[in-house]
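Enquirer: based on what follows, work out the 3D shape:
(one chain, ligands or ions: 1)
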Amino acid sequence: MRRFLFLALAAGLSACASQPRQESGPVDQTPLSLIPMPAQLQRLPGHFRLDASTTINVAKGDVQAKRVANQLQGWIRQARGITPAIVEGKGKGGIALATTASVKGREAYTLDVDASGVRIAANDETGLFYGAVTYWQLLTDPAAHSGVPAVHIVDAPRFEWRGLMLDSSRHFQSVAEIQHLLDQMAMHKLNTFHWHLTDDQGWRLQIEKYPKLTETGACRKPVGPDVALTGGADTPYCGFYTQEEAKQIVAYAAERHITVVPEIEMPGHAQAAVASYPKVGAGGKKLAVSTDWGVNTALYNVDDGTFTFLQDVLDEVMAIFPSTYIHVGGDEAAKDEWERSKTVQAKMRSLGIDDEEQMQGWFIARIGDYLEKHNRHLIGWDEILDGKVPASATVMSWRGTKGAIKAANAGHDVVLAPSPTLYLDQLQSTLPDEQPGRPSGQTLKTLYDFEPVPTDITADKAKHVLGAEVTVFSEYLPNWYRTQHAIFPRMAALAERTWSPKADWNGFIARLPAQMSRYRAAGIVPSDGAYAAAIDVAPATDGKATVTLSNQSGYGTLRYTTDGSAPTAQSTAYTGPFEVSLPTTVRANAFAGNFGLAGPRDREIDAASLLSRSSDELATCSDKLVLRLESPEAVDGRRPVYKVDIMDTCWMWKGVKLDGRYGVAVTVDRLPYNYALWKDTKGIVSRKSRSAAGELEVHQDTCDGPKLTSIPLAKAKDGRATLDGILPKREGTHDLCFVITGKPGPKLWVLGDVQLR
Ligand code: ACM
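Expert: Model (predicted):
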């Protein structure tokens, strides 16, 4: 009966290439750490043990199977130090790979493991590759220490677009780093690498016909902490990919069944191009490559010369990238320059177009026609819907899911990449050691809970959802270390939600520790923020404090020490808030059995720390554009990070118990202010200051409440400093508001921490 039910399930997906050879005996029930979880997995009795005599068997002439056999051989060598021979013809036992028409569907495969061997079958090479990936995951699963458990897997992806977008404009990654990323994408069965190659802050692809695009457009002045990368404020930040390197990446990706979709932004995000060739700009001004994050207003012109330029660029792009889809951006094209330009306005009149959004539609449609003539297909961010866009255009929804709903209901194919959920530059934890970035809190679970088909797409239009991708915009990701931290392990959540038919968060979070081990074995440094211990402290009576432990995912057993030693699987298990005497250092970690799930976290607790707060621990007064920014200057080898609303420099310390007169020490810092806020500049909060440098003021209860002290910032000169003030005698519990007077920009004063004494 069970067997019948299983076959009925399997028939819905594909025919089975081979039937499991049923053994008798108990079925190993140790959970298997597969990510993404296969569509159908049946556990069977028995195990297969790989040893030095194991061979990989492919039929003579099955060149696809032979290629995958070579790849699998390399993975096995890395995982086990064994190099199985590849046997063409009828091998016995071992690992058999075969393409076969009996498995239906692109990318689909079957995988059977029993005591005699492993059989992977698929209709195409990609399916075989994914079957091999699944076998490699079984092999590198801690559950496989006494052999890979017998399974029958029938698998195929839920979506055809399973992607990751990498921004190489704001910060640049080396070819080797991108290859490292592609290796990981392949092992997650992701198949689309969307490569954001041009933007205001850098043009990163060599175009032979227009050499200035990289001579001029690939360099900018270092922005803030970039100085540490270039070695000096006057040393430009430069980088681009030669066409040879781009082709190398395309080939490397193709070997891993990944398509590279290039993105050439237009009509906005064009400043690096306009800086290189001012004639293609609509503003008629000489511009430098931008050093401001945000919405810059440089737009392409709309004359025939500019289209010739763009078409020439696209010709070279199409020659490098075989992808059917070519991404042309289309987002955040502020229309100021078109509104002001007499020639653009004249062109609009001649076309009978009376608004600039429709003009963008005309622009994108013209490029779309060009691509279609070359048998390519336009994809753009959801702003392309604001104008009249050709029905054949595919829409990438980033302003939430609205764009996807509108586009799919209008019959366009769509890819979901909604901000902030799928934006990996959004920080994933509130741990004090989290890296700089955008602190909206897109946790592993937030991402996992994302359903790629919005409910507002009508059932008959759901077929237009091609899939989803995460984006890695790199303003705050200046190096590969930070980029990895942003991507891993959240990429695993996307992989599962775009591949597997069912969401299973509890299963996923339990399967992930094995995946984290695979990352480390591959030299990837993932974030452990989903598991790491957060240590919260509140004052208690008589020189004591109450400590509360938690971790974001709630997975694992929290254990801690108070004697300074590293927590182990034998340390005290956390059962609820506990009291410690001052001073104490609490160290904590989450464990699954003997396995430490994260790096241990520490907190030193003493009388002074109970009366201090970092900017992370304070609330911002508004939520206009909150960032966690790092100081350009290191303190003890680390650059401090500050949480600040760059449009309203104001922080609240809620519920402070005051019982007398206090000295207050406030650490402030001064950061570069490099933001293009376009129309949002209207929302910047400016506060009356009494001196040119401004003041840090402390107000009682609300930010307009009684001023308790005003500390001149002139004392801090132009960098990090700790300034002292005196708060008058107050009793009871009050909120304290800390504001910086004046207006943010051209530099930005920030609050580091506050200490009452
Ligand atoms: C985008 O984030 N501007 C697509």
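
Enquirer: only C-alpha atoms for contact and neighbour calcs from this point on.
Expert: Will do.

Enquirer: residues from this protein in reach of the ligand?
Expert: 331, 332, 398 (C-alpha under 6 Å from any ligand atom).

Enquirer: name all residues that make contact with residue 540.
Expert: By C-alpha atoms under 8 Å, 6 or more residues apart in numbering, the contact list for residue 540 reads 546, 579.

Enquirer: how about 10 Å then?
Expert: 546, 547, 579, 580, 581, 610 (C-alpha atoms under 10 Å, 6 or more residues apart in numbering).

Enquirer: roughly how far apart are it and the ligand?
Expert: To the ligand, residue 540 is 46 Å away according to C-alpha to the nearest ligand atom, to the nearest Å.

Enquirer: buried residues, stretch 717-735. List them.
Expert: Within stretch 717-735, the residues that count as buried by 16 or more other C-alpha atoms under 10 Å are 720, 721, 722, 723, 724, 725, 726, 727, 734, 735.

Enquirer: now intersect these with the strands, please.
Expert: If you go by DSSP state E, those have 721, 722, 723, 724, 725, 726, 727, 734, 735 in strands.

Enquirer: now for those: which two are most distant?
Expert: Farthest apart among these by C-alpha to C-alpha are 721 and 734. That separation is 26.1 Å.

Enquirer: before we move on, the earlier item: closest to residue 228 among the residues of the chain next to the ligand?
Expert: For these, the nearest to residue 228 is residue 332 (29.8 Å; C-alpha to C-alpha).

Enquirer: correct me, but that closest one touches residue 360?
Expert: No. In this structure, residue 332 is not within contact of residue 360 by C-alpha atoms under 10 Å, at 11.2 Å.

Enquirer: in helices, which of the contacts of residue 540 appear?
Expert: Taking DSSP state H, the ones among the contacts of residue 540 that sit in helices are residue 610.

Enquirer: and of the contacts of residue 540, the nearest to residue 459?
Expert: For the contacts of residue 540, the minimum distance to residue 459 (C-alpha to C-alpha) is 50.0 Å, reached by residue 547.

Enquirer: mind listing what that closest one touches?
Expert: By C-alpha under 10 Å, 6+ apart, the contact set of residue 547 is 535-540, 576-580, 586, 603, 605.

Enquirer: how many neighbouring residues does residue 177 have?
Expert: Using other C-alpha atoms under 10 Å, residue 177 has 15 neighbouring residues.

Enquirer: thinking again about what came up before, so for residue 332 and residue 360, which sits in the more crowded spot?
Expert: Using other C-alpha under 10 Å, the more surrounded residue of residue 332 and residue 360 is residue 360, with 26 against 17.

Enquirer: gap between residue 693 and residue 718?
Expert: Using C-alpha to C-alpha, to the nearest Å, we find residue 693 at a distance of 9 Å from residue 718.

Enquirer: what is in contact with those two at once?
Expert: Common neighbours of residue 693 and residue 718, using C-alpha under 10 Å, 6+ apart, are residue 749.

Enquirer: how about the contacts made by residue 248?
Expert: Here residue 248 is in contact with 175, 179, 242, 254, 320 (C-alpha under 10 Å, 6+ apart).

Enquirer: I misspoke; the intended subject was residue 601.
Expert: Residue 601 makes contact with 431-433, 532-535, 560, 566-567, 586-590 under the criterion C-alpha under 10 Å, 6+ apart.

Enquirer: now do residue 635
Expert: Residue 635 is in contact with residue 720, counting by C-alpha under 10 Å, 6+ apart.

Enquirer: partners of the helix or strand where residue 669 lies, with directions?
Expert: According to DSSP states H and E, residue 669 maps onto strand 650-672. If you go by DSSP bridges, strand 650-672 pairs up with strand 619-620 (antiparallel), strand 721-740 (antiparallel), strand 747-756 (antiparallel).

Enquirer: how about TSV for those, with mean pLDDT added?
Expert: TSV is the format used below for these (pLDDT from 0 to 100):
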stretch	mean pLDDT
strand 619-620	98
strand 721-740	96
strand 747-756	96
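
Enquirer: would you mind giving those as TSV with distance to residue 344 added?
Expert: Formatted as TSV, those follow (distance: least, C-alpha to C-alpha, whole Å):
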stretch	distance to residue 344
strand 619-620	42
strand 721-740	43
strand 747-756	35
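
Enquirer: quick one: which of the ones you listed is nearest residue 265?
Expert: Closest approach to residue 265 among the strands paired with strand 650-672 (C-alpha to C-alpha): strand 747-756, 29.4 Å.

Enquirer: buried set for that closest one?
Expert: Buried residues in strand 747-756 (16+ other C-alpha under 10 Å): 748, 749, 750, 751, 752, 753, 754, 755, 756.

Enquirer: now the helix or strand where residue 183 lies: mean pLDDT?
Expert: According to DSSP H and E, residue 183 maps onto helix 175-187. With pLDDT averaged residue by residue, helix 175-187 scores 98.

Enquirer: just the CA trace of stretch 633-645, in PDB.
Expert: Taking Å, rounded to 0.1, in the frame of the first residue of the first chain, the C-alpha atoms of stretch 633-645 are listed here in PDB:
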ATOM      1  CA  GLU A 633      39.100  55.100  11.500                       C
ATOM      2  CA  ALA A 634      39.900  51.900  13.300                       C
ATOM      3  CA  VAL A 635      39.900  51.700  17.100                       C
ATOM      4  CA  ASP A 636      42.000  48.800  18.500                       C
ATOM      5  CA  GLY A 637      42.100  47.300  15.000                       C
ATOM      6  CA  ARG A 638      38.400  47.400  14.400                       C
ATOM      7  CA  ARG A 639      36.300  50.100  12.800                       C
ATOM      8  CA  PRO A 640      33.400  50.900  15.100                       C
ATOM      9  CA  VAL A 641      29.900  50.600  13.500                       C
ATOM     10  CA  TYR A 642      27.100  53.100  14.300                       C
ATOM     11  CA  LYS A 643      23.300  52.900  13.700                       C
ATOM     12  CA  VAL A 644      22.000  56.200  12.400                       C
ATOM     13  CA  ASP A 645      19.100  57.600  10.500                       C
END
